[in-house]
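Student: Predicted coordinates and the sequence they were generated for:
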Amino acid sequence: MTVADLPAYRRYAAAAEFAPEARRLGVVLIDAPTAEAALLELPFPVTVAMDPYDPDAPRRATAYRLAGHDVVLLAAGVPPLATATDIAVTLRVWTQTFPEIVGLMDVPLNGIGSHRALAREMAGMLVPEGLAVIALRGGLDAFLQSAEEAGLARASVYRALDDGGRNAVTIRRLIDRAAFEAQRSDGIIVSGSADSAETIEMLIGFADGRGRGGVVLVPASAVLTTD
C-alpha cells in the first residue's frame, strides 16, 4: 500500500515519536489568528483545529503542517436540517480549501453530535476519504456513534482544558488527570485554546518532563481508534 492509498487520518498525520511502551495523550489546540506564533514555536506536534470559514486559515494550516502539526476542521455552521446535497457541497469546499486535513472536530453549539440524522449523513460522507471524527462527548454522542457505525477512525474529547477561563493550576490538574486516564485507557484526548498562554505553558511543562511518567503528548491522530 502506498501513502496515497492510506486514509486521510493516516496520510496527513503528523509524525509523533515515542517509545513503544509510552502511553499517549492526544492534544488538540483550537486555532486563532493571534495564536499562530505560539503554535509554530510549540516544541512538540499537536493537532490544530481550524475554523473553515476564516479566510486566512488555509495559509495558517499550511504553516502548521510545515511546522510538524496536523490539522482538523471545526464542523461548524452545518444546519441540522441540511440535505445530503448540502453536506456534500460543504465537505467538498472544505476539503478543497484544506486538502491535508485528518478529520473533523465537532463544536459545542449546534454541533453534529446533537443531531442524529445529520451525524449519520455526515459520517457516511467522510468514509471515501478516510477522514476521522473527534467528538465532544462520550458514548451517547451521535457523531461518535455514527462514526463507529461507519468504521471511521474516531475519539472523543476527555477534557476541555481552559473552558470558562480556568487558571494555570486548574489546567495543569486537568492535564494530570487526563494523563492518569491515558495510563489506563487508549484514545484519551484533551483540547484547549491555542491563544491561552496558561494552556500552552502547562502543556510545555508537562512535555518537558514535569508530568506523569510514561505519558507523552501526541497529536490526536496518534490516538484515534477504529476498533
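Tutor: On my side now, so go ahead.

Student: alpha carbons only for contacts and neighbour counts from here, please
Tutor: OK.

Student: SS state for the residue nearest in space to the middle of the chain?
Tutor: With distances taken as CA atoms, centre = their mean, the residue of the chain nearest its centroid is Val28 (4.6 Å). Per DSSP: H, G, I helix; E, B strand; the rest coil, the secondary structure class of Val28 is strand.

Student: That one bridge partners, please.
Tutor: Beta-bridge partners recorded for Val28 (DSSP bridges): Thr47, Ser191.

Student: separation between Ala207 and Arg10?
Tutor: 23 Å (CA to CA, to the nearest Å).

Student: who's more crowded, those two?
Tutor: Between Ala207 and Arg10, counted using other CA atoms under 10 Å, the more crowded position is Arg10 (20 against 17).

Student: so where does the more buried one fall, helix or strand?
Tutor: helix 8-11 (DSSP states H and E).

Student: pull the CA atoms of that helix into CSV?
Tutor: Once non-C-alpha atoms are left out, helix 8-11 reads as follows in CSV (Å, rounded to 0.1, in the frame of the first residue of the first chain):
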residue,chain,number,x,y,z
ALA,A,8,-6.6,10.8,5.3
TYR,A,9,-6.3,10.4,9.0
ARG,A,10,-3.1,8.4,8.4
ARG,A,11,-1.9,10.0,5.2
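
Student: Report the contact partners of the residue nearest to the centre of the chain.
Tutor: Val46, Thr47, Val48, Ala49, Ile189, Val190, Ser191, Gly192, Pro219, Ala220 (CA atoms under 8 Å, 6 or more residues apart in numbering).

Student: What pLDDT does the model give it?
Tutor: Val28 carries a pLDDT value of 98.

Student: Can you name the residues in contact with the helix holding Arg10?
Tutor: By CA under 8 Å, 6+ apart, the residues outside helix 8-11 that reach it are Val3, Ala4, Glu100, Ile101, Val102, Gly103, Glu129, Gly130, Leu131, Ala132, Ala153, Ser221.

Student: Just the buried ones from those residues?
Tutor: Glu100, Ile101, Val102, Gly103, Gly130, Leu131, Ala132, Ala153, Ser221 (16 or more other CA atoms under 10 Å).

Student: Export the residues you listed to TSV and append columns for pLDDT, distance to Ala16 and secondary structure.
Tutor: Formatted as TSV, the buried ones among the contacts of helix 8-11 follow (pLDDT from 0 to 100; distance: CA to CA, whole Å; DSSP: H, G, I helix; E, B strand; the rest coil):
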residue	pLDDT	distance to Ala16	secondary structure
Glu100	97	17	coil
Ile101	98	16	strand
Val102	98	14	strand
Gly103	98	17	strand
Gly130	97	20	coil
Leu131	98	19	coil
Ala132	98	17	strand
Ala153	97	17	coil
Ser221	96	9	helix
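
Student: Regarding Arg120, what is its secondary structure?
Tutor: Look at Arg120: counting by three-state DSSP, its state is helix.

Student: go on, the one 4 residues further on?
Tutor: Reducing the assignment at Gly124 to three states with three-state DSSP gives helix.

Student: Around the nearest residue to it once chain neighbours are set aside, how many other residues sit close by?
Tutor: Spatially, and ignoring its direct neighbours in sequence, Gly124 is nearest to Ala150 (6.2 Å; CA to CA, 6 or more residues apart in numbering). Ala150: 16 surrounding residues under other CA under 10 Å.
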